[in-house]
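**Student:** sequence and predicted model, in that order:
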Amino acid sequence: MSRKEAPASGAAGAPRIGMLGGTFDPVHLGHLRSAVELHEALALDRLHMIPAPQPPLRGRPQVAAEERLALLEAGIGDTPGLYADGRELAREGPSYSADTLAQLRDEYGPAARLVMALGEDAFSRLADWHAPARLFDLAHIVVMARPEHSLEPTARLEELIGQREVADAQALMRSPCGGLLRLTLPSRMAISATAIRQRLQEGRSVRYLLPAAVERAAVSRRLYQ
């Protein structure tokens, strides 16, 4: 979507745009329910769900990025506000979130409220990411917290966070970027992509773990077998 097509809302008509990256190997109902609740909690205009061809700090995904994008598109279907975004597939080498955020910032403009959402596990390693301080120059960071998980930040992470943390979404959206919000979503679905891949490999049921369209595609194409 071009900048002139960007939806307008939020402060002074600025669009609220989210980015949720991951391997989505495969996308499951936990991913999608979190995306819907994130979209609602932050009153986003659009949430870009972006499969990473090769995450720098993780092993290589089991299925090719093009297949994972197709599964993501099938899983999202016509869900309002969610968008399967394959922009990182065109890049060579590791997928750096800062580069993707820079693209989104250019598309939606300097006033857009741009948010990168990630889970607590990924957030605990944020200081090890490529150009971590640049992330805050481009966007807000929203950490999807897990009440049962206790995060012990390292000194490097604490230095990176500084005084950025705000109390709620309203405070976060007062500026285009630079804030940090910990957000506990209503539904916490303990679904594991690793366990799903294992089940598919063994020919066991994945019913009600995946959207029906994703299950049909994965089984018919024998993607994890």
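**Tutor:** Received, thanks.
**Student:** end to end on stretch 122-130, go ahead and measure it.
**Tutor:** From its first residue to its last, stretch 122-130 covers 13 Å (CA to CA, to the nearest Å).
**Student:** buried ones in that stretch?
**Tutor:** By neighbour count on 16 or more other CB atoms under 10 Å, the buried set for stretch 122-130 is Ala122, Phe123, Ser124, Leu126, Ala127, Trp129. Yep, even glycine has a C-beta here, placed from its N, CA and C like the rest.
**Student:** the fourth one against Phe136, yeah?
**Tutor:** It refers to Leu126. No. When contacts are counted by CB atoms under 8 Å, Leu126 is not listed as touching Phe136 (10.0 Å).
**Student:** residues making contact with the lowest-mean-pLDDT helix or strand in the chain?
**Tutor:** When the helices and strands of the chain are scored by mean pLDDT, DSSP states H and E, helix 120-123 comes last with a mean of 90. If you take CB atoms under 8 Å, 6 or more residues apart in numbering as the criterion, helix 120-123 is touched by Ile141, Val143, Met144, Ala145, Arg146, His149, Leu151.
**Student:** and after that helix, which helix or strand comes next?
**Tutor:** As assigned by DSSP states H and E, the chain's next helix or strand after helix 120-123 is helix 132-138.
**Student:** mind giving me the packing neighbours of that following helix?
**Tutor:** Packing partners of helix 132-138 (3 or more CB pairs under 8 Å, 6 or more residues apart in numbering; DSSP states H and E): helix 97-108.
**Student:** Leu20 sits in which helix or strand?
**Tutor:** In this assignment (DSSP H and E), Leu20 forms part of strand 16-22.
**Student:** for that strand, give the mean pLDDT please.
**Tutor:** For strand 16-22, mean pLDDT is 97.
**Student:** for that strand, packing partners?
**Tutor:** Counting by 3+ CB pairs under 8 Å, 6+ apart, strand 16-22 packs on helix 29-41, strand 46-51, helix 97-108, strand 113-119.
**Student:** the second one: how far from the chain's middle?
**Tutor:** The reference is to strand 46-51. Taking CA atoms, centre = their mean, to the nearest Å, one finds the center of strand 46-51 at 6 Å from the center of the full chain.
**Student:** check which helices and strands that strand sits against.
**Tutor:** strand 16-22, helix 29-41, helix 65-76, strand 82-84.
**Student:** coming back round to it: which one, of the helices and strands packed on strand 16-22, ends up nearest to Glu202?
**Tutor:** helix 29-41 (19.9 Å; CB to CB).
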